[in-house]
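A.B. asks: Build me a structure from this.
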Amino acid sequence: MNFEAVIGLEVHVQIRTASKMFTRVATGYGAPPNTLTDPVVLALPGALPVLNKAALDAIIKTGLMLDCEIASVTRWDRKNYFYPDSPKNYQLSQYDQPVCRGGWVELELPGPSLAVMGEHKRIPLTRIHLEEDVGKLTHEAHDSLIDYNRAGTPLMEIVTEPALRSPEEAFAFLTSLRTSLIYAGISDCDMEKGQMRCDANISIRPVGDTKLGTKVELKNLNSTSYVRDGIAAEIKRQLNVIASGDTLVQETRLYDGETGRSASMRSKEMAHDYRYFPDPDLMPVRIDAEWKARLAAELPERPFNKQRRFIDAHALPYSAASVLIRDRALADFFEETVKLGAKPTAAANWIVNDLLRQLAAANQSVSESKMTPTHIAGLVALLDQSVISSTQAKEVFAEMFASGESAPAVVDRKGLRQSTDANQLEAWCDTAIRNDPKSVEQVRAGNPKAINALKGAVMKISAGKANPKLVDEILKKQLGV
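C.D. replies: Sure, this is the predicted structure:
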């Protein structure tokens with residue numbers, strides 16, 4: 001019997017705000033333990049929450065970007081449970097009136113090669129709600145330590161429908177979601193810092209069946225690759241259980257990315273009863289059309305829309321467009337370069353190949369580099385005007401990246417301008433022909449490739465200053481071919 005996987009994701013994303021969800025104490029990462037706290041975070045008697053409007057703005061923008069239905073009225077509930085990471089013994093969250101319902105995330109699956117676009121799919125969302133994050137527990141040999149610095153940080157929970165069918169789709173979903181949220185400035189989505197965390201609900205069923213199978217929740221998926229690998233391992237485990245004649249049980253399992261194995265954490269015969277009830281200290285919030293319109297005007301172009309525009313409007317190959325859109329700063333860099341007059345394909349080639357290589361070697365981001373769109377546009381213009389050759393352009397690029405000088409300044413300082421003086425070029429070609437009679441004979445005998453040896457000789461004699469196109473024309477004229 002053939003089986004298919006059914007996968008749903010619950011993605012927790014920390015919203016990038018200056019202060020926490022229900023108090024003005026600062027958010028942050030890496031501060032000494034328990035220094036980003038106050039009476040509200042620690043749930044001291046008499047401390048009351050005050051709503052962070054910036055967090056509400058962020059989740060509304062997320063919902064608009066993902067085509068969610070934005071609630072006209074939203075409210076907060078207490079999710080009751082006892083655990084040391086939550087000093088209140090409840091979490092302020094949203095239950096029956098979340099900010100966002102529905103919506104979708106567009107993903108792109110890998111194509112047959114890096115040069116060919118893969119399949120695009122829309123994964124439907126169930127809801128996005130806003131809540132406060134909890135503290136961090138560190139378990140040691142004989143005790144456990146609690147750091148409440150993270151507690152109270154604004155957190156979105158993005159819940160998908162059970163619409164994913166493979167580990168690769170889950171990986172692509174998270175990659176796309178992460179890119180969109182970073183584009184909009186909602187979150188940095190650094191999974192190593194816990195700013196984006198994911199749980200996966202996985203089941204298998206016979207192909208063609210519409211009934212969901214026994215669900216297993218997989219936790220501790222703290223990187224996109226662990227999500228992909230953990231789901232793949234769990235699907236394999238479930239198939240092995242079925243093949244051995246055993247019965248799958250609904251449970252929560254912890255995945256170890258280092259070993260590639262998971263272990264049962266707890267059985268889950270039914271959903272937890274968190275005894276949700278409306279929080280009496282926070283009033284419902286009304287979200288009107290004017291509020292939504294203001295935030296919609298601040299949204300950036302969606303990454304895949306930008307990709308399609310780069311391909312259609314600028315005639316970029318998919319391989320270049322797909323790289324440019326991964327980083328909004330890089331895409332903006334490209335667009336500014338084109339606005340300065342550079343041909344789109346040439347600008348994209350320099351950015352995707354040379355600039356990214358230099359940035360990686362220098363361990364820099366686009367914003368940290370001395371290279372600007374003006375540098376690239378200037379270099380492309382010099383090439384278009386045949387002021388320098390493509391070989392010289394590589395040298396000029398390296399100099400610009402290191403010094404921040406403009407392309408014309410580097411060319412003048414290093415004396416790299418190509419010679420277009422006909423008399424000088426003819427003299428260099430004469431010298432090359434006299435020095436290599438064998439290649440001359442081969443060209444005249446009908447071997448056109450032999451002329452490349454003469455071109456190389458001219459470039460060497462001229463110290464790279466001869467215009468290659470003119471050299472080719474002069475050599476052919478002098479050789480009578």
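A.B. asks: Contact partners for Glu336?
C.D. replies: Applying C-beta atoms under 8 Å, 6 or more residues apart in numbering to Glu336 gives the contacts Pro373. (Glycine included, C-beta is placed from N, CA and C.)
A.B. asks: name the element it belongs to?
C.D. replies: Following DSSP states H and E, one finds Glu336 within helix 328-339.
A.B. asks: Now do the helix or strand where Arg357 lies: which elements does it pack against?
C.D. replies: Using DSSP H and E, Arg357 sits in helix 356-362. In terms of contacts (3 or more C-beta pairs under 8 Å, 6 or more residues apart in numbering; DSSP states H and E), helix 356-362 is packed against helix 390-403.
A.B. asks: buried stuff in the helix holding Arg357?
C.D. replies: Leu356, Gln358, Leu359 (16 or more other C-beta atoms under 10 Å).
A.B. asks: likewise stretch 284-292?
C.D. replies: Those would be Val285, Ile287, Lys292, for stretch 284-292 by 16+ other C-beta under 10 Å.
A.B. asks: Among those, which are located in helices?
C.D. replies: Lys292 (DSSP state H).
A.B. asks: Reformat the buried residues of stretch 284-292 as CSV; add pLDDT and distance to Pro278.
C.D. replies: Listed next are these as CSV, based on pLDDT from 0 to 100; distance: C-beta to C-beta, whole Å:
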residue, pLDDT, distance to Pro278
Val285, 97, 13
Ile287, 98, 17
Lys292, 98, 24
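A.B. asks: what stretches of this structure score poorly on pLDDT?
C.D. replies: 268-272, 419 (pLDDT under 70).
A.B. asks: Which segments of it make up each domain?
C.D. replies: 3-293, 301-414, 422-479 (automatic domain parsing).
A.B. asks: Now do the last one: distance to the chain's middle.
C.D. replies: Using C-alpha atoms, centre = their mean, to the nearest Å, we find the averaged C-alpha position of domain 422-479 to lie 49 Å away from the chain's own average C-alpha position.
A.B. asks: and if you look at the second one?
C.D. replies: Going by C-alpha atoms, centre = their mean, the spacing between the C-alpha centre of domain 301-414 and its chain's C-alpha centre is 19 Å.
A.B. asks: Between the two ends of that domain, what distance do you get?
C.D. replies: With C-alpha to C-alpha, to the nearest Å as the measure, the ends of domain 301-414 fall 42 Å from one another.
A.B. asks: Please enumerate the strands of the stretch 251-400 of the chain.
C.D. replies: 251-256, 261-267, 277-278, 285-286 (DSSP state E, counting those that start in this stretch).
A.B. asks: Also the stretch 101-250 of the chain?
C.D. replies: 104-108, 120-132, 136-139, 144-147, 154-160, 196-206, 216-221.
A.B. asks: which one of these has the most crowded surroundings?
C.D. replies: When the strands of the stretch 101-250 of the chain are scored by mean count of other C-beta atoms under 10 Å, the highest mean neighbour count falls to strand 154-160 (a mean of 23).
A.B. asks: And it, what does it pack against?
C.D. replies: strand 3-14, helix 53-65, strand 120-132.
A.B. asks: Name the strands paired with it and say parallel or antiparallel.
C.D. replies: strand 3-14 (antiparallel), strand 120-132 (antiparallel) (DSSP bridges).
A.B. asks: Thr259 is nearest to which of these?
C.D. replies: Closest to Thr259 of the strands paired with strand 154-160, according to C-beta to C-beta: strand 3-14, at 21.4 Å.
A.B. asks: So for the closest one, what gets flagged as buried?
C.D. replies: Buried residues in strand 3-14 (16+ other C-beta under 10 Å): Phe3, Ala5, Val6, Ile7, Gly8, Leu9, Glu10, Val11, His12, Val13, Gln14.
A.B. asks: How about stretch 357-377?
C.D. replies: Gln358, Leu359, Val366, Ser369, Met371, Thr372, Pro373, His375, Ile376, Ala377.
A.B. asks: now could you export just the CA positions of it as CSV?
C.D. replies: Provided in CSV are the C-alpha atoms of stretch 357-377 (Å, rounded to 0.1, in the frame of the first residue of the first chain):
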residue,chain,number,x,y,z
ARG,A,357,31.6,36.5,-3.7
GLN,A,358,33.5,39.5,-2.3
LEU,A,359,30.9,40.1,0.5
ALA,A,360,31.2,36.4,1.6
ALA,A,361,35.1,36.6,1.6
ALA,A,362,35.0,39.8,3.7
ASN,A,363,32.1,38.5,5.9
GLN,A,364,30.1,41.7,5.2
SER,A,365,26.5,42.5,4.4
VAL,A,366,25.5,44.7,1.5
SER,A,367,25.0,47.7,3.9
GLU,A,368,28.4,47.2,5.5
SER,A,369,30.3,47.3,2.1
LYS,A,370,31.9,50.3,0.6
MET,A,371,30.4,49.2,-2.7
THR,A,372,27.3,51.1,-3.8
PRO,A,373,25.0,51.0,-6.8
THR,A,374,26.9,54.0,-8.2
HIS,A,375,30.0,51.9,-8.3
ILE,A,376,28.4,49.1,-10.3
ALA,A,377,26.6,51.5,-12.6
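A.B. asks: how about the residue nearest the centre of the chain, what does it touch?
C.D. replies: Closest residue to the average C-alpha location of the chain: Thr179 at 3.8 Å, with C-alpha atoms, centre = their mean. Thr179 sits next to Pro303, Ile325, Arg326 when contact means C-beta under 8 Å, 6+ apart.
A.B. asks: Would you convert these into a markdown table that also reports neighbour count and distance to Leu475?
C.D. replies: Shown next, in a markdown table, are the contacts of Thr179 (neighbours: other C-beta atoms under 10 Å; distance: C-beta to C-beta, whole Å):
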| residue | neighbour count | distance to Leu475 |
| --- | --- | --- |
| Pro303 | 22 | 48 |
| Ile325 | 23 | 44 |
| Arg326 | 13 | 44 |
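A.B. asks: Restricted to helices, list these.
C.D. replies: Short answer: the contacts of Thr179 in helices (DSSP H) are Pro303.
A.B. asks: Columns distance to Arg122 on top of the contacts of Thr179, output as CSV?
C.D. replies: Listed next are these as CSV, based on distance: C-beta to C-beta, whole Å:
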residue, distance to Arg122
Pro303, 14
Ile325, 17
Arg326, 20
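A.B. asks: Going by distance to Leu56, which of the contacts of Thr179 wins?
C.D. replies: Pro303 (24.0 Å).
A.B. asks: Look up how far Val159 lies from the closest one.
C.D. replies: Distance, Pro303 to Val159, using C-beta to C-beta, to the nearest Å: 21 Å.
A.B. asks: Also Val249?
C.D. replies: 23 Å.
A.B. asks: do the same with Gln97
C.D. replies: Counting by C-beta to C-beta - Gln97 and Val159 are separated by 15 Å.
A.B. asks: same question, Arg205
C.D. replies: Relative to Val159, and taking C-beta to C-beta, Arg205 is found at 20 Å.
A.B. asks: if we can go back for a sec, give me the contact list for the helix holding Arg357.
C.D. replies: In contact with helix 356-362 (C-beta under 8 Å, 6+ apart) are residues Val323, Leu330, Ser365, Val366, Ser369, Met371, Phe397, Ala398, Phe401.
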